[in-house]
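A.B. asks: Starting from these lines, generate the structure:
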Amino acid sequence: MVGIFFGNKTKFEISSFLRSTVETYIQSMKGGDISLDKQCLVGAIADGVPFKGTAIFESYLESIFPYPKALKEKLILHSFDFDGRWQSRKALVQRKDSLFLHSILVEVSKKLLVTLSALNEMYIHHPGLKWLYETSERMEVKPECFSNRIHQILTNASLRDSLTQLEELIRETAQLIQVHCPEVSIEDQLRRAQSARPGALD
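C.D. replies: Reported below is the predicted structural model:
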């Protein structure tokens, strides 16, 4: 990737890929490959405007839409999943282990953003999940005030309050999955999300 600044301080970032690479990534996505790095290239095509090669570009669009069902289901199952780190949240608050706990808040917030992107059949545009507000704004299916609530969770001085808010976002996201994608069973994931090792959060 090459970054170029023009006189008005506008930055252009230029990447190049072989057609064979693009076509391989598209086929991989259609098969349910959940790699965010690959999905970013496909996402650039999904929202891109061709400068030239319109026929090729349109053929790519036909390949990536509608959003692949296999990708949607696999990405939801993979992202809406909560391991032992999350289940230790109450003990971490009790120990005031803020550095580790903040890393979990970020990790779970990212999981919800990826889950909702898949639920809305939107391709991810950056592996680090930049542009939270812009991405959330494009979503039709999401918890109310999603991006603002994520911002509050990550900036709140009270870790207890942050966890309570994040637990609520997880519950609301689960409800949306069950309503809008009932073919995906998240019972096990929801059980792990609600599970917590002993601590003094309550």
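A.B. asks: Can you verify my assumption that residue 140 contacts residue 120?
C.D. replies: Yes: using Cβ atoms under 8 Å, residue 140 makes contact with residue 120 at a distance of 6.2 Å. Any C-beta I mention is one placed from the backbone N, CA and C, and that applies to glycine too.
A.B. asks: Show me which of these two is the more surrounded one.
C.D. replies: Between residue 140 and residue 120, residue 120 has the larger neighbour count (other Cβ atoms under 10 Å), namely 18 against 9.
A.B. asks: All the strands of the protein, in order from the start?
C.D. replies: Secondary structure of the chain (DSSP state E): strands located at 2-5, 11-14.
A.B. asks: Can you flag the weakest of the ones you listed by average pLDDT?
C.D. replies: For the strands of the chain, mean pLDDT drops lowest on strand 2-5, to a mean of 52.
A.B. asks: Out of the helices and strands in the chain, which is least certain?
C.D. replies: The weakest-scoring helix or strand in the chain, judged by mean pLDDT, DSSP states H and E, is strand 2-5 (a mean of 52).
A.B. asks: can you tell me which residues contact residue 39?
C.D. replies: By Cβ atoms under 8 Å, 6 or more residues apart in numbering, the residues touching residue 39 are 29, 123, 124.
A.B. asks: Rebuild the residues you listed as TSV, extending it with pLDDT, neighbour count and distance to residue 188.
C.D. replies: Formatted as TSV, the contacts of residue 39 follow (pLDDT from 0 to 100; neighbours: other Cβ atoms under 10 Å; distance: Cβ to Cβ, whole Å):
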residue	pLDDT	neighbour count	distance to residue 188
29	93	24	25
123	96	22	26
124	94	23	24
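A.B. asks: tell me the contacts of residue 66?
C.D. replies: Neighbouring residues of residue 66 by Cβ under 8 Å, 6+ apart: residue 121.
A.B. asks: What count of nearby residues applies to residue 80?
C.D. replies: Applying other Cβ under 10 Å, we find 24 other residues in the vicinity of residue 80.
A.B. asks: need the contact list for it.
C.D. replies: So residue 80 contacts 111, 112, 115, 173, 174, 177, 186, 189, 193 (Cβ under 8 Å, 6+ apart).
A.B. asks: Closest one of these to residue 164?
C.D. replies: Taking Cβ to Cβ as the measure, residue 164 sits nearest to residue 193 out of the contacts of residue 80, at 13.7 Å.
A.B. asks: Check what pLDDT the closest one gets.
C.D. replies: For residue 193, the model assigns a pLDDT of 94.
A.B. asks: And for the one 4 residues further on?
C.D. replies: Reading off the confidence values, residue 197 has pLDDT 79.
A.B. asks: next one: the one 3 residues further on
C.D. replies: Each residue has a pLDDT score; the one for residue 200 is 48.
A.B. asks: now swap in residue 8 and tell me
C.D. replies: Taking residue 8 on its own, its pLDDT is 66.
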